[in-house]
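J.: no sequence for this one, just the structure:
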């Protein structure tokens, strides 16, 4: 279940993987001349050149021991692309297990980081409730004459695993209280402060929209505030807000049973911001970040909020409830107001499994991005370049803002089926105060997969942690 980098081979291996740039097939010094001749003949016969997407597996006897080897193409050196490289490495290694020595003639730091990430991803399996646990793991050792520091990427990988586990856990256990306890635990482990507000404290602050969503559930709501100050001399504070619906029935606007099956994933935004905070703090990044999660469960009882209700918000706006299944934006509205007025952050990024409309538009391939600040979007796109995470900037036109206007309140919580993603973003935008730079990430299609994808397995993906980490770090 491990990945390490060595510069001296200390044990024998029977499985090898070698990475080549296109038309630059050379071998590492640990191979004997006989082995090199044999491998050269295999490569020539199979016409392997090292193009991106190419891989070649072979077996041979070495002093009576069966040796398995795989050759992996990295493409042209001058056009090296980390995203393509990552997918190729993943596809080449995903069905392998056991101890494998992996090498390339010219080791890049990217090799170590991507191989560490891929190993973590291949080995991950949420098997807590399975009779048979996964017992075959890929253990990669990268042979390099120049040792690479992979401690940062290991912490990032562990943070992603944490986020995956949070989302994959059943909602019966992953309640708002449990999510709060986990945030406290990891804050203490990682070096960031955590404050938890209960229902009474949230009520005193006027967070009525958030509390309306959670009031029908036996599992009480909590507000989770995480503060990391890695650069106390700097007044700039990044703000993260994560949607924390630990389960969503749709409320009185009840979802069909099939649509409820994966609704444990509706706290994917909170998992993303918790994972990001853990990675930033454990890697001691010199930045200041505050994250807020309004955690609750949208359930049904005699106390349920209703379509037609009008609820107030911490912001002071009144919200007409059109659909109780448009609940996440109500919790985010109060969380955005809290992080603006109380924590006084310099910018806000909210992350939420917000709309089915974004899945219709972008599928499970890309996260939808909405913002009032083009520079933030550019920075996000740049930060995602080295990761297998895709973001697509979508507009908030005035027509979308008109769609959420209410005839009897300040705003309504749903504009209906059409343009559901941008109209939901327009709703959130209406709670942004003083033109603070803001960006909304709709991860409804990318946070959780109902079947295996190109790179991510079925279940939680830990999406956006790598990009947000890079965005804040850089």
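T.: Cool, the structure landed. If you're wondering where the values come from, they're calculated on a predicted model, not measured in any experiment.

J.: residue contacts, residue 97?
T.: The neighbours of residue 97, taking Cβ atoms under 8 Å, 6 or more residues apart in numbering as the test, are 136-138. From N, CA and C alone the C-beta is placed, and that goes for glycine too.

J.: so which of those is the most crowded?
T.: residue 138 (22 neighbours; other Cβ atoms under 10 Å).

J.: need the contact list for it.
T.: By Cβ under 8 Å, 6+ apart, the contact list for residue 138 reads 93, 96-98, 100, 119, 122-123.

J.: Need those in CSV (columns: distance to residue 299, secondary structure and pLDDT).
T.: As requested, these are exported to CSV (distance: Cβ to Cβ, whole Å; DSSP: H, G, I helix; E, B strand; the rest coil; pLDDT from 0 to 100):
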residue, distance to residue 299, secondary structure, pLDDT
93, 43, helix, 93
96, 44, coil, 90
97, 42, coil, 91
98, 46, strand, 93
100, 48, strand, 93
119, 39, helix, 96
122, 37, helix, 95
123, 35, helix, 96
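
J.: Of all the residues in stretch 245-262, which ones are buried?
T.: 245-253, 260 (16 or more other Cβ atoms under 10 Å).

J.: mind checking how far that stretch is from the chain centre?
T.: Distance of stretch 245-262 from the chain centroid (Cα atoms, centre = their mean, to the nearest Å) equals 22 Å.

J.: how about low-confidence regions in the stretch 1-150 of the chain?
T.: For the stretch 1-150 of the chain, the stretches with pLDDT under 70 are 1, 27-31, 105-107, 109.

J.: tell me the helices in it, going along the chain?
T.: With helices called from DSSP state H, counting those that start in this stretch, the stretch 1-150 of the chain shows them at 33-46, 82-93, 109-123.

J.: Helix 109-123 and the second one, what's the angle between them?
T.: Helix 82-93 and helix 109-123 are oriented at 50 degrees to each other (axes from the mean of the first three to the mean of the last three Cα atoms, to 10 degrees).

J.: check contacts around residue 462.
T.: Neighbours of residue 462 in contact, by Cβ under 8 Å, 6+ apart: 159-161, 163-164, 271-272, 275.

J.: Helices - which of those residues land there?
T.: In this view, those that belong to helices under DSSP state H are 159-161, 163-164, 271-272, 275.

J.: on that earlier part again, please produce TSV containing the contacts of residue 462, extended by pLDDT and neighbour count.
T.: TSV is the format used below for those (pLDDT from 0 to 100; neighbours: other Cβ atoms under 10 Å):
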residue	pLDDT	neighbour count
159	98	28
160	98	27
161	98	18
163	98	27
164	98	26
271	98	37
272	98	34
275	98	30
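
J.: Considering these, which is situated nearest to residue 318?
T.: Closest approach to residue 318 among those (Cβ to Cβ): residue 272, at 30.0 Å.

J.: And that closest one, how close does it get to residue 311?
T.: Residue 272 sits 26 Å away from residue 311, taking Cβ to Cβ, to the nearest Å as the criterion.

J.: With residue 117 instead?
T.: 43 Å.

J.: Compare neighbour counts for the two and give me the winner.
T.: Neighbours per residue (other Cβ under 10 Å) separate residue 117 from residue 311, with residue 117 holding more: 23 against 20.

J.: and residue 368, which of the three is it?
T.: Following DSSP: H, G, I helix; E, B strand; the rest coil, we place residue 368 in the strand state.

J.: Show me the domain layout of the chain.
T.: With domains defined by automatic domain parsing, the chain comprises 3-148, 154-473.

J.: now the shortest one, how far from the centre of its chain.
T.: Same thing as domain 3-148. 26 Å.

J.: 8 is where my numbering starts, stick with that
T.: In the new numbering, first residue 8, that becomes domain 10-155.

J.: Need the distance between the two termini of it.
T.: 12 Å (Cα to Cα, to the nearest Å).

J.: now the spatially closest residue to residue 332 that is not a sequence neighbour: how far from residue 311?
T.: Closest residue to residue 332 apart from its sequence neighbours, by Cβ to Cβ, 6 or more residues apart in numbering: residue 257 at 3.8 Å. Going from residue 257 to residue 311 by Cβ to Cβ gives 11 Å.

J.: Show me which pair in the contacts of residue 469 is furthest apart.
T.: 168 and 279 (13.1 Å).

J.: returning to what we had before: thought the residue nearest to residue 332 was touching residue 306?
T.: No - using Cβ atoms under 8 Å, residue 257 is not in contact with residue 306, being 9.7 Å away.

J.: Give me whichever of the domains of the chain is most buried.
T.: domain 161-480 (a mean of 21; mean count of other Cβ atoms under 10 Å).

J.: Now do it: distance to the chain's middle.
T.: For domain 161-480, the distance to the chain centre is 12 Å (Cα atoms, centre = their mean).

J.: Could you tell me the end-to-end distance of it?
T.: Termini of domain 161-480 sit 16 Å apart (Cα to Cα).

J.: repeat for stretch 355-374
T.: Stretch 355-374 has an end-to-end distance of 17 Å (criterion: Cα to Cα).

J.: Please apply the same query to stretch 199-217.
T.: OK, stretch 199-217 end separation, Cα to Cα: 25 Å.

J.: With stretch 409-425 instead?
T.: 13 Å.

J.: okay, the ones in helices among the contacts of residue 469 in TSV with distance to residue 62 next?
T.: Converted to TSV, these look like this (distance: Cβ to Cβ, whole Å):
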residue	distance to residue 62
166	29
167	25
168	26
170	30
171	27
278	33
279	32
282	31
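
J.: Residue 299: which of the residues you listed is nearest?
T.: When those are ranked by distance to residue 299 (Cβ to Cβ), residue 279 comes first, at 12.9 Å.

J.: pretty sure that closest one is touching residue 170, no?
T.: Yes - between residue 279 and residue 170 a contact is recorded at 6.1 Å, counting by Cβ under 8 Å.

J.: what residues are shared contacts of those two?
T.: 469, 472.

J.: now the helices for the stretch 258-407 of the chain?
T.: 264-267, 275-289, 335-348, 363-369, 381-390, 405-410.

J.: Same list, the ones you listed, but as a markdown table with distance to residue 191 please.
T.: Shown next, in a markdown table, are these (distance: least, Cβ to Cβ, whole Å):
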| stretch | distance to residue 191 |
| --- | --- |
| helix 264-267 | 29 |
| helix 275-289 | 11 |
| helix 335-348 | 18 |
| helix 363-369 | 32 |
| helix 381-390 | 28 |
| helix 405-410 | 38 |
